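> here are the coordinates; sequence isn't available:
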């Protein structure tokens, strides 16, 4: 039979000293080799994403855009005894098709139409139209005027539906020759229109707002029996509740234009 067993042997002192000396030499060599290794440096470069200009939510969010227009529009309409406007997608598509061309002129389509550009948010644009009420003479209305035409369309009682769109047309000063610049980006639209733009301005700057209304307002000769003065009195009524201007922060910046119907 074979047996396997463990055997312990005691080494003589001289052999132990030799082994110990060898281990010390090996460890010292390893330490020296490690210390002499060149150090490497890792450089981590963090590239930040490019900064972007934050766009106004009321222009970029379809839901907020629609609700802002209806809220401000119907605030004025309620104050002037007109029913609330409802949103019409056909009018919206028409407005979008026109706005995408970035032309500062009217489409001359079948609807009432208000235009504006350069406002910081859509509420400001609609409020600028509504605040023309301060120039409107309810006692002796003369019908449509360039100074108050946006307001009269906005609160026109026979109008029931609205659809709007906004396009960022950017900024290109070479396309503007407006002689009625009031400074600080404010422009008046002294009338005219036509294919060459409004007051020489051919391209809207910044956000361009187009709103279409049905049935359209500002009707001249709409009721021959009553005449324009009485017809406007029926459709554009005074208000005892208006305390304007509508509080939007900056309703005075930009330019606006209404079609002469």
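Looks like it arrived, so ask away. Everything numeric in this text was worked out from a predicted model, so none of it was measured.

> surely residue 103 meets residue 201?
No - taking contacts as C-beta atoms under 8 Å, residue 103 lies outside contact range of residue 201: 10.1 Å. Quick note: C-beta positions are derived from backbone N, CA and C, even for glycine.

> more neighbours: these two, which one.
Taking neighbours as other C-beta atoms under 10 Å, residue 103 and residue 201 compare with residue 201 leading, 23 against 19.

> surely the more buried one is in contact with residue 102?
No - between residue 201 and residue 102 there is no contact, the gap being 11.4 Å when judged by C-beta under 8 Å.

> what segments of this structure are strands?
86-87, 112-117, 161-168, 181-183, 186-187, 207-214, 255-258 (DSSP state E).

> redo those as JSON lines? Include distance to residue 236.
Shown next, in JSON lines, are the strands of the chain (distance: least, C-beta to C-beta, whole Å):
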{"stretch": "strand 86-87", "distance to residue 236": "20"}
{"stretch": "strand 112-117", "distance to residue 236": "13"}
{"stretch": "strand 161-168", "distance to residue 236": "16"}
{"stretch": "strand 181-183", "distance to residue 236": "26"}
{"stretch": "strand 186-187", "distance to residue 236": "25"}
{"stretch": "strand 207-214", "distance to residue 236": "13"}
{"stretch": "strand 255-258", "distance to residue 236": "13"}
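
> make a markdown table from those strands and add mean pLDDT, distance to residue 71 and mean neighbour count to it.
Listed next are the strands of the chain as a markdown table, based on pLDDT from 0 to 100; distance: least, C-beta to C-beta, whole Å; neighbours: other C-beta atoms under 10 Å:
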| stretch | mean pLDDT | distance to residue 71 | mean neighbour count |
| --- | --- | --- | --- |
| strand 86-87 | 99 | 12 | 12 |
| strand 112-117 | 96 | 16 | 26 |
| strand 161-168 | 98 | 12 | 22 |
| strand 181-183 | 36 | 28 | 11 |
| strand 186-187 | 36 | 24 | 19 |
| strand 207-214 | 97 | 14 | 26 |
| strand 255-258 | 49 | 19 | 26 |
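
> so which of those strands is nearest residue 222?
strand 112-117 (12.1 Å; C-beta to C-beta).

> quick one: strands adjacent to that closest one?
strand 207-214 (antiparallel), strand 255-258 (antiparallel) (DSSP bridges).

> which one of the strands of the chain lies nearest to residue 131?
strand 255-258 (10.3 Å).

> what ranges does the stretch 51-200 of the chain have for its helices?
57-60, 62-79, 89-99, 122-130, 149-155 (DSSP state H, counting those that start in this stretch).

> worst average pLDDT in those?
Mean pLDDT across the helices of the stretch 51-200 of the chain is lowest at helix 57-60; the value there is a mean of 85.

> hmm, who's touching that helix?
64-65, 68, 121-123, 166, 168, 207 (C-beta atoms under 8 Å, 6 or more residues apart in numbering).
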